[in-house]
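Enquirer: okay, predicted coordinates and the sequence, questions at the end:
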Amino acid sequence: MKRFKAKAFSGIMAFILLFTALFTAMPSITYAEQYPNGTYSVPVSLSGGSMGHNNVASPCTVTIENGNIYADIIFKRVTPPWHAPRYEWLRTSKGTVMPVVDEANYTNTFYRVPIESLGSVPITTLSSAMSEAHEINYTLYFDPNSILNPHNSGGSSAEGNSSSSTGTSSGGSTKSDDNKDGEDSERHDKDEDTAGGEDIKNTVSVKNSHGMYTSTSKEQLESAKGKSLHLTTSKGDVIFDKAAVESIIKNADGGITLSMKKSKGNKKYISIFELTLKDDKGKTLFKESGSAGIAKIRLKLDKKFAKAKRVFVFDLNKDGEKLSALYDKKTNSVEFEASYLSKYGVSDKNPSSNYLLYGGMVLIAVGLALFFAFRTVKKRRG
């Protein structure tokens, strides 16, 4: 019996050792090895928080080489005073990279930054913008759906088969030999969370749903010629029609950045949105009334509007002029058209109607006061 138990135990141990040897001998597949080697254009955004005066340019170039992933990350100054961002180095869990500084274009570029995977990637930078240099932690989000892999039917691959039937560009394509002059075909997110009236077949789209800025490169902007341009941020989105795009291309120096800043309102407005469009040199575009073309603007509203029956939008750069707007209760957003970008106040009440109400009440009060005063005088005389 003891001999049988010993043989059984030996057999079990031999099976376990054999299974372990076979399992460990199997080649392990890293995250990057899910994708073919190549160079991809991947949307990247700041996941949570804000960089203040700077923004990360999207899309960025991602290179996959034999199981390793490298990203070219560009930080761009988007507000004055105008100069390149002050980052001395950038560190990930895979290594540290020094920047290439371009003061003329206000950029700080880190080439071939090693990253573990796409998705959320923690990074650390050394900022010298303050009186003393200090480390700052950020999290960058690289859109994993922009690259085709065996487990993902969306996106585009680097094998030359990335032409899109929609003809749109959302910053999520790959660069291949078949593409010409940056006219990369890119993935388009089809959802309800965009401004209405978009012609998908003739629209170039760039999306950054994690921040209030969205940037395009010069090549992306020029690829939108003859089309409309759809820029999306976490605060809403703007669709510039063909005429507006042509004017922007004509006046822009390099790429462009859309800023959609949202701030708390006041007694008149629940929320205030300030929209600006600037080129790589910091020049403001599409800012004057009567500019060529039209922009369709959609603003995302907060929970305070959830029970609103109507929503009103006012152009604060035109003394609070009321604009024609459409409130979408399903998405809790408001849409309207404008011939230039401005600062907008949003409310669930029409201040002008309040003024009429208050004015009417004042007139009634004054009328009643005069009436009783007249009666009192008449009685005394009588």
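Expert: Received the coordinates, thanks. Computed from a predicted structure; not experimentally measured.

Enquirer: ok but N317 is inside a strand, no?
Expert: No. Under DSSP: H, G, I helix; E, B strand; the rest coil, N317 sits outside any strand and is assigned helix.

Enquirer: now do the contacts for it.
Expert: Residues near N317 by Cβ atoms under 8 Å, 6 or more residues apart in numbering: 342-343. Quick note: C-beta positions are derived from backbone N, CA and C, even for glycine.

Enquirer: mind checking pLDDT for it?
Expert: Reported pLDDT at N317 in the predicted model: 91.

Enquirer: any low-confidence regions in the stretch 1-150 of the chain?
Expert: 1-33, 47-50, 148-150 (pLDDT under 70).

Enquirer: where do the helices sit along it?
Expert: Counting by DSSP state H, counting those that start in this stretch, the stretch 1-150 of the chain has helices at residues 2-25.

Enquirer: what ranges do the strands span in it?
Expert: 38-42, 44-46, 54-56, 60-65, 68-77, 87-92, 95-97, 100-102, 107-115, 119-127, 134-142 (DSSP state E, counting those that start in this stretch).

Enquirer: any low-confidence regions in the stretch 201-350 of the chain?
Expert: 201, 209-210, 289-290.

Enquirer: tell me which stretches of it form helices.
Expert: Here the stretch 201-350 of the chain has its helices, by DSSP H, counting those that start in this stretch, at 218-223, 242-251.

Enquirer: and the longest one, what does it pack onto?
Expert: Translated: helix 242-251. Using 3 or more Cβ pairs under 8 Å, 6 or more residues apart in numbering; DSSP states H and E, the elements in contact with helix 242-251 are helix 218-223, strand 228-233.

Enquirer: let me see the domain layout of this protein.
Expert: Domain segmentation of the chain under automatic domain parsing yields 32-145, 189-296+335-341.

Enquirer: redo those as CSV? Include mean neighbour count.
Expert: Formatted as CSV, the domains of the chain follow (neighbours: other Cβ atoms under 10 Å):
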stretch, mean neighbour count
domain 32-145, 18
domain 189-296+335-341, 19
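
Enquirer: so can I have JSON lines of these showing distance to S324?
Expert: Below are the domains of the chain laid out as JSON lines (distance: least, Cβ to Cβ, whole Å):
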{"stretch": "domain 32-145", "distance to S324": "30"}
{"stretch": "domain 189-296+335-341", "distance to S324": "6"}
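
Enquirer: for the stretch 251-382 of the chain, what spans make up the strands?
Expert: Here the stretch 251-382 of the chain has its strands, by DSSP E, counting those that start in this stretch, at 256-264, 271-279, 284-285, 295-300, 312-315, 321-323, 325-328, 333-338, 343-347.

Enquirer: out of those, nearest to E246?
Expert: strand 284-285 (12.1 Å; Cβ to Cβ).

Enquirer: paired strands for the closest one, with orientation please.
Expert: strand 271-279 (antiparallel) (DSSP bridges).

Enquirer: send the alpha carbons of the partner strand over as PDB?
Expert: Extracted in PDB, the C-alpha atoms of strand 271-279 (Å, rounded to 0.1, in the frame of the first residue of the first chain):
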ATOM      1  CA  SER A 271     -22.700  78.700 -16.300                       C
ATOM      2  CA  ILE A 272     -20.300  80.700 -18.500                       C
ATOM      3  CA  PHE A 273     -18.400  79.200 -21.400                       C
ATOM      4  CA  GLU A 274     -15.500  81.000 -23.100                       C
ATOM      5  CA  LEU A 275     -14.500  79.600 -26.500                       C
ATOM      6  CA  THR A 276     -11.400  80.600 -28.400                       C
ATOM      7  CA  LEU A 277      -9.500  79.200 -31.400                       C
ATOM      8  CA  LYS A 278      -5.800  79.900 -31.700                       C
ATOM      9  CA  ASP A 279      -3.000  78.800 -34.100                       C
END
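
Enquirer: now the strands of the stretch 1-150 of the chain as a markdown table including distance to E219?
Expert: What follows is these, written out as a markdown table (distance: least, Cβ to Cβ, whole Å):
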| stretch | distance to E219 |
| --- | --- |
| strand 38-42 | 10 |
| strand 44-46 | 16 |
| strand 54-56 | 18 |
| strand 60-65 | 12 |
| strand 68-77 | 13 |
| strand 87-92 | 24 |
| strand 95-97 | 24 |
| strand 100-102 | 16 |
| strand 107-115 | 15 |
| strand 119-127 | 25 |
| strand 134-142 | 20 |
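
Enquirer: of the ones you listed, which is nearest L370?
Expert: Of these, the one closest to L370 (Cβ to Cβ) turns out to be strand 54-56, at 61.4 Å.
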